[in-house]
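K.L.:
Sequence first, predicted coordinates after that:
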Amino acid sequence: MNAYIIKSIGLAGLNGFDVIVETSITNGLPAFVIVGLPDNSVQESRERVRAVIKNLGYEFPMRRILVNLAPADTRKEGSIYDLPIALAVLIASGQITPAAEDSVFAGELSLDGKLRPVAGMLPMALSARDSGAKALFAPKDSAAEASLARGLAVYAADHISEIIDHLNGAGEICPAEECQPLFSEAKGLDFSDIKGQAAARRAIEIAVSGAHNMLLSGTAGGGKSMMVKRIPSILPPMTMEEMIETTAIHSVAGLTSKSNPLVRQRPFRSPHHTISAAGAAGGGKTPKPGEMSLSHNGVLFLDEFPEFRRDVLESLRQPMEDGYVTITRANRSYKYPSGFMLVGAMNPCKCGWHGHPSGKCVCSEESIKNYMMRISGPILDRIDLFVNVPPVKYAELTSVSEAETSEKIRDRVVRTRELQMSRQGTTNSRLMGGLMKTYCGISREGELMMKSAYEKFSLSARAYSKIIKVARTIADMSGSPDIETEHLAEAIQYRRSGTLLV
Amino acid sequence: MMENNGNKIPDVTVVSLNSSAYPSLLKSISNPPRKLYCRGDLSLLQMPAVAVVGARKASEYGKWAAYNMGKTLAEYGIVIISGMACGIDSWAHKGALAAGGKTIAVFGCGVDICYPKSNAGLMEDIIMKGLVISEFESGMHPSIITFPLRNRIISGLSLATVVVEAGLKSGSLITAERAAEQGRYVYAVPGNIDRVSSIGANKLIQDGASLIVSPDDVASDLGFIRGDIIEKRSLSLGEDEKLIFDAIRFSGELTVDELCAKTCLPPQDVNGLVTVLEMKGILETAMGRVFTAK
Ligand SMILES: [Zn+2]
């Protein structure tokens, strides 16, 4: 019996797994069978492989060909097995030289043998490397991304014949250069364009410094979105690890660029309020990451916050609490990292003018209340800072005083973030249980203040810990090792405005 | 110009729409006057104000109510605005002056013309201790057109308008109507139902204006505290806390940004201080605005 083994990879959610392509060719009625939980897209591989082998001038064995994709209990999807199956058939029928055991093959074939890129290459390459592979043969258009997995030699080809020549020793493919990350400075809109708004600027700096969720409320035209759109300019740079993680998510969603796949800047996603729950959390038969995951390590900006669909708003609860979303399908559930900083912006009422000195608002008290109520208590509970953005006065718009640049703010943010990472390995907003106890101790005086705030403003238990975390960030910003009462007092004020929403 | 007493009487100052001295509350109405001709203390234009208006033919009860409204609200540090007409208007100005408070008379003619002539003494008092303003140039005489126009300025300058006594055709009902259009509070002092002079104010109440039980109602609705209570509260405050508290009580309500500008403190300090003052029960916040607790 002619049996041959060649290695490939598969993708389940965000994680790659090893796949063994086992091929045997036996005498019998001519047949070409793929087993091992292949879905329809893998079954179609047979037709493409048959055509490619013939078009290349090789003989397609007129015998019984059995391809087994192991492990047999995991579903295989996509066109990625075209390349390994074609090679396995050629090797098992003795037409080309076998590949080395530590080589992995992945790629879709066109009928004339050209290799097409595949989505999710980065997480698959990482998983192949981690399970001991030394070489990965992949389509050229996926190679830059695959080579982000350091320590894995990536052999990129445009056509299957290049790989066949390489195996036969008739020609050699050179491993792709390792992709070098370029650390580029954040560019774009700058905070120096914003006149006035000292209080909102301060709140935004706190939120970004500790990666806290925030909700800005204010009348139409007050400049909320103008400020939020400048947040990318003050976000701290990502670590290499974070870049890889972020790129992997974008890769699975098929959103990476061919030539420059590494996502270097923290994501800033601002989906429209008509987005579906699937678009926000992730969806599809094999779920693709949604906006919440695509903003992992970055910012998810929801403008017109109360206008979002109820199911979308509710689906924010899990990621805001745990930092990932879980999507359940019949046979398994997928877990996608979604550690975003939520920035919401909202008008105070449907028409947008409630509270504006012009008195333009046409909403009834009832409708104003209903508008606020669209955001449920559990969501409000997960927001750390509430900020009112008052309409800017004409005098401030024309004031000549220079506003601070994003670069200056960013320098401070970077310093405060570094402090948090070196002390506790995570941002202040993600401090939980024991870590929080260790790093967020408050003095007796502070406790008295919290106690009286608790009674005076009837705060929830969750609000209590949010205040402490924000106060921790404020203390870090001022370089204070301890959380002092003035830090708590400021943090309470950002929580206060939230109680007015419900 | 007034010719008596030579140079003691202040000259006319023109405040235009884009001047920083122009009152922001008035600027926000749909048709603000482009120029204000002023005689007196311009700083009054920046202070919280309430209009007290009513009929020219006032009953004894009406005079008493107007005088007391003016006097009581002035004690809270509120500027009393009226039209210096005979009757209710005059008594409201007098009440404010009697309390040692501030008052503004808005004219339907040039600020060099005294109308009615019988109020010459009151006008001089108001110019010296308060402010007289008009959108009409000096020399312009009052007419059937200028008075209704003037009324939108009275309500536009004010956080609230109080109608004390008004017949069915009183001009003060126009002022109340303007106030409602401008999104301001409207109050009315109820009167006996056996008098024609009560119908206008009572009908306002029927239409939704707030009924005044005591002159303090208006002040406490707007979040003002009497001077003597303020003194008591101030005693317990630290230096920065007092800075914040004073800024608020002289302005009625402010945003955090405005507080920063007025106190020269950064937002982090202002936010912290506001929290502490809230917990002491001295300030309150809502919709991004800070004001004194009731
Ligand atoms: Zn509205």
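P.N.:
Here it is on my side, so go on.

K.L.:
Can you check the pLDDT for residue 76?
P.N.:
Since no chain was named, I'll use chain A. Note on A:Lys76: pLDDT of 90.

K.L.:
nope, chain B
P.N.:
Looking at B:Tyr76, its pLDDT stands at 87.

K.L.:
residue contacts, A:Leu167?
P.N.:
A:Leu87, A:Ile96, A:Thr97, A:Pro98, A:Ala99 (C-beta atoms under 8 Å, 6 or more residues apart in numbering or on different chains). All C-beta atoms are positioned from the backbone trio N, CA, C, and that covers glycine.

K.L.:
before we move on, what SS does it have?
P.N.:
Here A:Leu167 is helix, with the state taken from DSSP: H, G, I helix; E, B strand; the rest coil.

K.L.:
quick one, what contacts the nearest residue to it once chain neighbours are set aside?
P.N.:
Once flanking residues are discounted, A:Leu167 sits nearest to A:Thr97: 4.9 Å by C-beta to C-beta, 6 or more residues apart in numbering or on different chains. Residues in contact with A:Thr97, defined by C-beta under 8 Å, 6+ apart, are A:Ile91, A:Leu167, A:Asn168, A:Gly169.

K.L.:
Okay, domains of chain A per the record?
P.N.:
Using automatic domain parsing, the domains assigned to chain A come out as A:2-168, A:191-421, A:431-502.

K.L.:
ok, of the contacts of A:Leu167, which one's closest to the ion?
P.N.:
For the contacts of A:Leu167, the closest approach to the ion (C-beta to the ion) belongs to A:Leu87, at 66.2 Å.

K.L.:
how many neighbours does the closest one have?
P.N.:
For A:Leu87, the count of nearby residues is 26 (other C-beta atoms under 10 Å in any protein chain shown).

K.L.:
Okay, it and A:Glu101: tell me how far apart.
P.N.:
14 Å (C-beta to C-beta, to the nearest Å).

K.L.:
Could you do B:Val189 as well?
P.N.:
98 Å.

K.L.:
Ok, A:Gly28 next?
P.N.:
From A:Gly28 to A:Glu101 the distance is 29 Å (C-beta to C-beta).

K.L.:
Verify the stated contact: A:Asp311 with A:Ala277.
P.N.:
Yes: in this structure A:Asp311 lies within contact range of A:Ala277 using C-beta atoms under 8 Å: 4.5 Å.

K.L.:
I'd like the next helix or strand past the helix-or-strand element of chain B with minimal mean pLDDT.
P.N.:
Lowest by mean pLDDT, DSSP states H and E among the helices and strands of chain B is helix B:227-235, with a mean of 69. Using DSSP states H and E, the helix or strand that follows helix B:227-235 towards the C-terminus is helix B:239-249.

K.L.:
Show me what the host helix or strand of A:Arg496 is packed up against.
P.N.:
Here A:Arg496 sits within helix A:485-499, counting by DSSP H and E. In terms of contacts (3 or more C-beta pairs under 8 Å, 6 or more residues apart in numbering or on different chains; DSSP states H and E), helix A:485-499 is packed against strand A:385-388, helix A:444-456, helix A:461-477, helix B:267-279, strand B:283-286.

K.L.:
Flag every buried residue along that helix.
P.N.:
In terms of neighbour count (16 or more other C-beta atoms under 10 Å in any protein chain shown), helix A:485-499 has its buried residues at A:485-498.

K.L.:
Looking at the residues you listed, which one is closest to A:Glu445?
P.N.:
Using C-beta to C-beta, A:Thr485 comes nearest to A:Glu445 of those, at 5.3 Å.

K.L.:
Could you tell me how far the longest helix along chain B lies from the centre of the chain?
P.N.:
Of all segments of type helix in chain B, defined using DSSP state H, the longest is helix B:60-75. Computed by C-alpha atoms, centre = their mean, to the nearest Å, the chain-centroid distance of helix B:60-75 equals 13 Å.

K.L.:
Can you list the buried residues in that helix?
P.N.:
For helix B:60-75, the neighbour count (16+ other C-beta under 10 Å) marks B:61-63, B:65-75 as buried.

K.L.:
so what does it touch, helix or strand wise?
P.N.:
Helix B:60-75 packs on strand B:49-53, strand B:79-82, helix B:88-98, helix B:216-221, going by 3+ C-beta pairs under 8 Å, 6+ apart.

K.L.:
Lovely, talk soon.
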